[in-house]
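Asks: output the structure for:
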Amino acid sequence: MVVAIPDALRREPPVLTSALAAGTLVRHRVLVIHHAPGARQALEAGLRGQFDVRHAKDAEDAWHRVLTDRSIRAVVASLPVLAIDGYGLLQRIRRSQVRRVTEAPLIVIADHDADAAGGELVTSFGASGVLSLASVDRLPERLLALIEKRQIAPSAQPAQAPTNAPVQVPRSVATPPALVVVSSNAVPVARTPPSPRKPETEFPMSRVDDLNKVLKTLQSSSPGVEASALISSDGLMIASALAKDMDETRVAAMTATLLSLGSRAANELRRGEVSEVIVRGADGYAVMLSAGRGALLLVLATEATPLGLIFFDMREAVKGIKTIL
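Replies: A predicted model of the protein is given here:
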């Protein structure tokens, strides 16, 4: 049986074709991490002709690989994977003490066009860009442009020595540890050798830690507040101070759904843009307030707590959240 191959698959990708024509093809190593195995395999297949592709099973595995594998030049990650640890992987990379890590391009793949369009939050955490699954055909070109931009950055260019710089004499086997340099007036000058390079170390800190502190401060300083959480508008948990028996995934999803329903209702009733959503039950309140950059602050409070006090404390917390985001 003969299978007809479409012409589009016979042709080399434009980025690869130009690189082959110029004789400058370099297979940069790219790390791919996606929550759906099928989508991950499709991404890897689309990149494999132009890049050396590796994949990680989760955010923690990705962080270990980025830190230990010096040949990784960029990271491609799905939005749900990053959101599982509150964008912790993004923050680790961008706050790394290792320059090659902190400058690595990181492209986020969103499952839906709406998530890609509202990617202001994830870019505020350090992502290089957001693409939807429908537009991943632009991913190879985007990655190559980001990698090449990083390589030709002024800080990466070697500094040229001045014409009157001292000439370094090669050291023989018997030469003592000090370097001997011959200056322009032919007077030997002894210089101590550079100290050994320190191993690459990390100090895990992230804006997620700062956000958790804001939530805990809100909970401890505001009487009646039992729990709080910061959730993205697409229903992903960013930071939380919830009870242990509460499912963070369900809380985040329900909060985003309530906000969406409230926005639709306000629009249909011509009440303008929604500023807050309040749910009152027999045992207390669930109050949702916009925290900027596509984030939503949720507070659970007892029935006896005055609503005015809840809103005042929440707005104070939002000020701190906005400075962090």
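Asks: okay, Ser220 and Ser132: tell me how far apart.
Replies: Distance of Ser220 to Ser132, given as CB to CB, to the nearest Å: 40 Å. (C-beta placed from N, C-alpha, C; glycine too.)
Asks: and if you look at Lys322?
Replies: Between Lys322 and Ser132 the computed distance is 27 Å (CB to CB).
Asks: all strands of the protein, in order?
Replies: Shown for the chain, the strands assigned by DSSP state E span residues 29-33, 52-55, 72-78, 106-110, 129-132, 167-168, 179-182, 188-191, 225-232, 237-241, 276-281, 284-292, 295-301.
Asks: list the contacts of the first one.
Replies: It refers to strand 29-33. 40, 43-44, 47, 51-59, 61-62, 65-66, 69, 71-78, 81, 143 (CB atoms under 8 Å, 6 or more residues apart in numbering).
Asks: that strand pairs with which strands?
Replies: Note on strand 29-33: by DSSP bridges, its sheet partners are strand 52-55 (parallel), strand 72-78 (parallel).
Asks: if we can go back for a sec, for Lys322 and Ser132, indicate the residue with more neighbours.
Replies: With other CB atoms under 10 Å as the criterion, Lys322 and Ser132 differ in neighbour count, and Ser132 comes out ahead with 17 against 12.
Asks: and the closest residue to the more buried one other than its chain neighbours, how many neighbours?
Replies: Distances taken as CB to CB, 6 or more residues apart in numbering place Ala116 nearest to Ser132, at 3.9 Å, with adjacent residues excluded. When counting by other CB under 10 Å, one arrives at 20 neighbours for Ala116.
Asks: so where is this structure shaky, pLDDT-wise?
Replies: For the chain, the stretches flagged by pLDDT under 70 are 1-26, 85-86, 114, 118, 151-206.
Asks: residues in contact with the top helix by length along it?
Replies: When the chain is parsed with DSSP state H, its longest helix is helix 248-268. Applying CB under 8 Å, 6+ apart, the contact partners of helix 248-268 are 229, 231-237, 240, 242, 271-274, 277, 279, 288, 296, 298.
Asks: quick check on these: which are buried?
Replies: The neighbour-count test (16 or more other CB atoms under 10 Å) applied to the contacts of helix 248-268 identifies 229, 231-237, 240, 242, 274, 277, 288, 296, 298 as buried.
Asks: and the furthest pair within those?
Replies: The largest distance within the buried ones among the contacts of helix 248-268, taken as CB to CB, falls between Leu242 and Val274 and amounts to 23.0 Å.
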